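Chemist: Here is a sequence with its predicted model. Questions after.
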Amino acid sequence: MTKVHFQKVDVDGFNIFYREAGPKDAPVLLLLHGFPTASHMFRDLIPLLAGKYRVIAPDLPGFGQSDMPPRDKFKYTFDALAERIERFTEIIGLKRFAVYLFDYGAPTGFRLTMRHPERITAIISQNGNAYEEGLSEGWNPIQAYWKDPSAANRDALRAFLQPDTTVWQYTHGVTDTKAVSPDGYSLDNHYLARKGADEVQLDLFGDYKSNVALYPKFQDYFRTHKPPLLAVWGKNDPFFLPPGAEAFKRDIPTAEVQFFDTGHFALETHSAEIGAAILKFLGNLK
């Protein structure tokens, strides 16, 4: 049985919650979650990897059990998320590590890999996009807010924060919805219902345009440094399309791309298959 430890660390006055498992002296794998979830999305994956790797999964600022300070005390942008996670890795002493990037974890983590390529041993992108062709029409309401950040356009995005929408994100594109545990989306909805969480998430919707603006720089990083990269993708994702996964091979010809017949939250139905793919991929690295 794999023992998972749950703890918080002070990151320059900001408490970051994280899960950790595996040998302290093993190679490190940092897991970064997305919207609207937290590190509990890795609850099935961590035990599969912790036999060979030191696995660390933090909750991003404003998510899960990490601090969610008021918006007048902390500006919720992806630059700010990346800065806190970068400091988190430094404070807990991570020198070299692979990263698993999902959804919001991708633009957060790609900022980190771009700033410190010497620290990165490999990248696993699970529905973590870095190419415009990976964006579906599901982004249209959010893109409308980027172009015109009016109160009306901001309020229109509240539909993404509704409990039924969270369940839909978990079940859309899944061939057997009975295989999706209610644990994940129920906890996500609990966190979304906290006072002030809606405005935090709307701020991040608005700032997501900064990620798209950085896509050329992310891609230049891929071409220049060619990190070992594995894309494991739920092919029925309503937000991030398969062409976004295939595009990695344009900049990193050795990139490996695997598709699974599931949706956005691929770990809910294919954690065993994705875990096996990760172990094989990392095991083949020199």
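Modeler: Right, received. Where do you want to start?

Chemist: Let me see the ranges of the strands in the stretch 1-150 of the chain.
Modeler: Using DSSP state E, counting those that start in this stretch, the strands of the stretch 1-150 of the chain run over 4-11, 14-21, 28-32, 54-58, 97-102, 120-126.

Chemist: quick one: which of those is nearest residue 222?
Modeler: Closest to residue 222 of those, according to CB to CB: strand 120-126, at 8.8 Å. Where C-beta positions appear, they are placed from N, C-alpha and C, glycine not excepted.

Chemist: check contacts around residue 11.
Modeler: 84, 87-88, 91 (CB atoms under 8 Å, 6 or more residues apart in numbering).

Chemist: Which single one of the residues you listed is nearest to residue 158?
Modeler: residue 84 (25.7 Å).

Chemist: what's around that closest one, how many residues?
Modeler: Per other CB atoms under 10 Å, the neighbour tally for residue 84 reads 21.

Chemist: What are the phi and psi values at the closest residue to it other than its chain neighbours?
Modeler: Closest residue to residue 84 apart from its sequence neighbours, by CB to CB, 6 or more residues apart in numbering: residue 61 at 5.0 Å. With angles defined as degrees, to the nearest 10, residue 61 sits at phi -50, psi 130.

Chemist: you'd agree residue 61 is up against residue 79?
Modeler: No - at 11.5 Å, residue 61 does not count as touching residue 79 under the criterion of CB atoms under 8 Å.

Chemist: Tell me which of these two has more neighbours.
Modeler: When residue 61 and residue 79 are compared for neighbours, residue 61 comes out ahead with 25 against 15, by other CB under 10 Å.

Chemist: OK, contacts around the more buried one?
Modeler: Applying CB under 8 Å, 6+ apart, we find residue 61 in contact with 14, 16, 67-68, 74, 76, 80-81, 84.

Chemist: how about those, which pair is most distant?
Modeler: Maximum distance among the contacts of residue 61 (CB to CB): 14.8 Å, for 16 and 76.
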